[in-house]
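Participant: From the sequence below, what's the structure:
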Amino acid sequence: MGTFIRVMPMIRPPLLQRIVVPTDFSPGAKRALERAARLPIAARGKIHLVHVVARSDRHDGGSLARAADALTKLARGIGRSDTTAGGKGLRIETSVLSGEPYVEIIRHARRVNADLVVLGRVGEGRSIRKVLGTTAARVVRMSDTPVLLVGRPARASYRRALVALALDSSSRRLVDLLHSILGKGTARVSFVHAYRVPFTGFIAPGTEGAPTLHHQQCKEQAAAEFARQLRDLGRAGREQRAVLRWGDARSVILDEATRSRAELIALGTHGRSGIAHALVGSVAEWVITFAKCDVLLARPVRFTFEAP
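Facilitator: So this is what the prediction gives:
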């Protein structure tokens, strides 16, 4: 299936109301805050800037006071900068928490009913922990709130996004959130789905022509479902590009992100409850690890995180 461009009727996406930005005062955390400040936040919306001190320091009044002072200065600096969306005033609430960092971040996001948690990438490597750091990796794996992972400096609002689309009902929450993050601007969205042809290694002798027919049938079935999903999900008056490709989803997503010069990749993660909630999914972990742009992650439904 080739690609096509279409512009959907304008439907204004809802603005974000509550964004949680954890910080350890590192450069990566600062980039995350600067990106959060550029997101389209409602007039009465708010950024919750939080820092978590270790349990061993929670009775150290000086440590807590220094953290609170550093948070206040950071919030004031962002509020006075030109990084905010539309140059409008930004409401930032600061909180110093104590405990296990990833647990407190998840609990705070749930407490304020956050739309999004924004985290900064810390480096490069061949594992999610090396790319994000231990705390952020745990938040990604266990958070019941969507997570935006920021690696690039936020010099402007997102202009090109790519959605890794699953052909089931799990994509609605992800796409709705993406439209809110992109706002009412003219950002271009590429929808990508990678399909596989099952049983290609089990072709009986004398049926050598069957693989081509089987592949074509799988492609047509995927194309029909892909088109239906796009009709249901497309909106917001944007240019939308659709790509259906055969192959491994990990390679297809990263290849198309490079091809379209995407600044943001959006994809769903696995796990709804119980032990499954710790599983992001191999495709998502691969994309997080090797993507050269920011990554948005959302589970199909919201569930309750059972903190340890």
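
Participant: would you say Leu148 is within a strand?
Facilitator: Yes - the assignment for Leu148 (DSSP: H, G, I helix; E, B strand; the rest coil) places it in a strand.

Participant: give me the number of residues near the residue nearest to it when sequence neighbours are not counted?
Facilitator: Spatial nearest neighbour of Leu148, chain neighbours left out: Val118 (4.7 Å); criterion: Cβ to Cβ, 6 or more residues apart in numbering. The way it works is simple: take the backbone N, C-alpha and C, and place the C-beta from them, glycine included. The burial count assigned to Val118 is 27, neighbours taken as other Cβ atoms under 10 Å.

Participant: so Glu263 touches Arg155, yeah?
Facilitator: No - between Glu263 and Arg155 there is no contact under Cβ atoms under 8 Å: 10.0 Å.

Participant: returning to what we had before: settle this for me: the residue nearest to Leu148 is touching Thr145, isn't it.
Facilitator: No - using Cβ under 8 Å, Val118 makes no contact with Thr145, being 10.4 Å away.

Participant: Identify the contacts common to the two.
Facilitator: Val20 (Cβ atoms under 8 Å, 6 or more residues apart in numbering).

Participant: coming back round to it: in terms of neighbours, single out the busier of Glu263 and Arg155.
Facilitator: For Glu263 versus Arg155, neighbours defined as other Cβ under 10 Å are more numerous around Glu263 (19 against 9).

Participant: Ala29 and Asp232: what is the separation?
Facilitator: Computed as Cβ to Cβ, to the nearest Å, the Ala29 to Asp232 distance reads 37 Å.

Participant: before we move on, back to that, ok, now which ones touch the residue nearest to Leu148?
Facilitator: Counting by Cβ under 8 Å, 6+ apart, Val118 touches Ile19, Val20, Val21, Ala32, Leu33, Arg35, Ala36, Leu39, Val147, Leu148, Val150.

Participant: for the helix or strand that it is a member of, what is the average pLDDT?
Facilitator: Val118 is located in strand 116-120, with elements delineated by DSSP states H and E. Computed over strand 116-120, the mean pLDDT rounds to 98.

Participant: Could you list every helix and strand in contact with the host helix or strand of Ser63?
Facilitator: Element membership for Ser63 (DSSP H and E) is helix 61-80. Here helix 61-80 touches helix 27-38, strand 41-53, strand 92-98, going by 3 or more Cβ pairs under 8 Å, 6 or more residues apart in numbering; DSSP states H and E.

Participant: Many thanks, have a good one.
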